[in-house]
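*Asks:* pasting the sequence and the predicted model now:
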Amino acid sequence: MNDTVPELCRANQAAALFSMGNMATSFPPVPQLVLFHKAHFISSEPLRRILPTLREQVQHRLERLYFRYAIQHATVTVQTGWVRQRLLAMYRLRPEQVHVVPNAPDLAGAPDPAPGAQARQMASLQRPLRLFYLALYYPHKNHRILKEVADRLEALRLEEFAIVTTIAPDQDRGAQRLLQQMQRHTLGPRPRFLNVGPVPPGQIDHCFRQSWACLIPTLLETFGLTYLEAMRAGCPILTSDRDFAREVCGDAALYFDPLNADSIVQAILRLRDEPGLRERLIEAGRRRLQQGFPTWAEVTERYVELLRRIARPQAVS
C-alpha cells in the first residue's frame, strides 16, 4: 500500500486520496481522507474478550502501532460522535482532523417481493416470541452469551421464547463450537434455538418482520447498521448498554449488560410484561430514522465537501 498507492496518485495526477478501509497510507504525495470504522482500534474491552487467540492479539497490536503512526497527518471521517471522541483521546489527533458523517438508513435497498426460506423457517417456529440476532460470528459480537440466555429461559420455563441467529456454520471453530453447544436447544417439536445462516440483503426485512424483537448483545461497534435495519422493519431493539448503541438507538432500545445473561433476560421480560413498551420502542425507531440520519445524497455531499477542502488545487507533478 505504501509503495503502490503513492505511485498511482502520481501517475493519475490525483488531487486527494480517499482511503475507505481504516488504514492511512504513509507519506502519500497528496492530502488524504480516511474512513475509519474499525472498532477494535478504539476498544477498551480486554483483548482476550474480542480477540481470543495470541496470534490475533499480536497482529492487532502491530496493526494498531502502524495505524497510530500513519493516521497523524490524515483527515478522518467516522460514523458517530462516540468514535470521534475515542480517536481524539487515544491517538492525540487534532479536533479539526476528525469529522462525523453518519450512515443513511436505507441500507439494504428494497426488500425482496416475498419471504424466502429463512423467513419461512422463522415463521414455522412454534415459540412466537422470536429474538433475532443478525450477525456473523466474531468474538466481539458476543454470541457465546446466547447459550446462557437460552439456558435461563429454559430454567424459568418461559416457553414462548426462541433465539434465532444468522451464523455461517463453517465460518470458524468458534462458530462451530457455539452451534454444537446450542444443539440441545434445537431438539424436539418446539426448538428454542434456530440458526438460519447468513441472510441475503433482500431478505433482512422479511426476517425482522418474523421477529418479536431484535437481540444484539454485541461488545463493540463503530455504528451498528443492524440497528437501523431493525428500526426500518418495525422491530424493537434489545441491546448492549454501550456508548455506541445509545448514540445510534437513543430511546428506541432497551439496554442490558451484554456480559450478564440475567440482565439480558430481565430486559426480555420487561419488553414482554410492560404494557405498550414494544409499541413505544417501534415508534421511537421510526422517529429516529426520519429525523436522526442523513440521506445517501447528503452523505455523498459531505464527503465531496471534505475532499474538496483538503485537495491540492494543482495537479500532482
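*Replies:* Yes, it's here.

*Asks:* following element in sequence after the top helix by length along the chain, please.
*Replies:* When the chain is parsed with DSSP state H, its longest helix is helix 54-70. Reading on from helix 54-70 to the C-terminus, the next helix or strand found by DSSP states H and E is strand 75-78.

*Asks:* hey, where'd the strands end up in the stretch 201-317 of the chain?
*Replies:* Applying DSSP state E, counting those that start in this stretch to the stretch 201-317 of the chain gives strands spanning 213-216, 237-240, 253-256.

*Asks:* out of those strands, which is closest to Val58?
*Replies:* strand 237-240 (27.0 Å; CB to CB). The C-beta positions use only the backbone N, C-alpha and C, and glycine is treated the same way.

*Asks:* quick check: phi and psi at Ile50.
*Replies:* phi -110, psi -20 (degrees, to the nearest 10).

*Asks:* helix, strand or coil for Ala175?
*Replies:* Under the three-state scheme (DSSP: H, G, I helix; E, B strand; the rest coil), Ala175 adopts helix.

*Asks:* please read the previous query as pertaining to Pro198.
*Replies:* coil.

*Asks:* can I assume it is in contact with Pro169?
*Replies:* No: the pair Pro198 / Pro169 is not scored as a contact, 10.0 Å apart, by CB atoms under 8 Å.

*Asks:* related to what we said a few turns ago, looking at the strands of the stretch 201-317 of the chain, which is closest to Met90?
*Replies:* Closest to Met90 of the strands of the stretch 201-317 of the chain is strand 237-240 (CB to CB; 20.4 Å).

*Asks:* the closest one pairs with which strands?
*Replies:* strand 213-216 (parallel), strand 253-256 (parallel) (DSSP bridges).

*Asks:* so Gln203 touches Ala114, yeah?
*Replies:* No: here Gln203 does not reach Ala114: they are 9.6 Å apart, not a contact under CB under 8 Å.

*Asks:* quick one, domains of the chain?
*Replies:* For the chain, automatic domain parsing gives the domain ranges 4-104+295-310, 117-291.

*Asks:* let's see the longest helix of the chain as CSV, backbone CA atoms only.
*Replies:* Output in CSV follows, covering the C-alpha atoms of helix 54-70 (Å, rounded to 0.1, in the frame of the first residue of the first chain):
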residue,chain,number,x,y,z
LEU,A,54,-2.5,-15.0,20.8
ARG,A,55,-1.8,-14.7,17.1
GLU,A,56,-4.8,-12.3,16.7
GLN,A,57,-3.7,-10.2,19.6
VAL,A,58,-0.2,-9.9,18.3
GLN,A,59,-1.4,-9.0,14.8
HIS,A,60,-3.8,-6.4,16.3
ARG,A,61,-1.0,-4.7,18.3
LEU,A,62,1.1,-4.4,15.2
GLU,A,63,-1.7,-3.0,13.1
ARG,A,64,-2.5,-0.6,15.9
LEU,A,65,1.1,0.7,16.0
TYR,A,66,1.0,1.3,12.3
PHE,A,67,-2.4,3.0,12.5
ARG,A,68,-1.2,5.3,15.2
TYR,A,69,1.8,6.4,13.1
ALA,A,70,0.1,6.7,9.7
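
*Asks:* now Leu194: which helix or strand?
*Replies:* Element membership of Leu194, judged by DSSP H and E, is strand 193-195.

*Asks:* ok, and what's touching that strand?
*Replies:* For strand 193-195, contacts defined as CB atoms under 8 Å, 6 or more residues apart in numbering pick out 121-122, 125, 146, 150, 162-167, 169, 179, 182, 185-186.

*Asks:* same question, stretch 103-118
*Replies:* 79, 123, 196-197, 199-207, 210, 223, 225, 228-229, 231-232, 289, 293-296, 298-299.

*Asks:* I'd like to know which of those residues are buried.
*Replies:* Neighbour-count burial (16 or more other CB atoms under 10 Å) applied to the contacts of stretch 103-118 gives 79, 196, 199, 203-207, 210, 223, 225, 228-229, 231-232, 289, 293, 299.

*Asks:* quick check: Leu281 touching Ala252?
*Replies:* Yes: using CB under 8 Å, Leu281 is in contact with Ala252, at 5.8 Å.

*Asks:* separation between Ala245 and Gly81?
*Replies:* Ala245 sits 13 Å away from Gly81, going by CB to CB, to the nearest Å.
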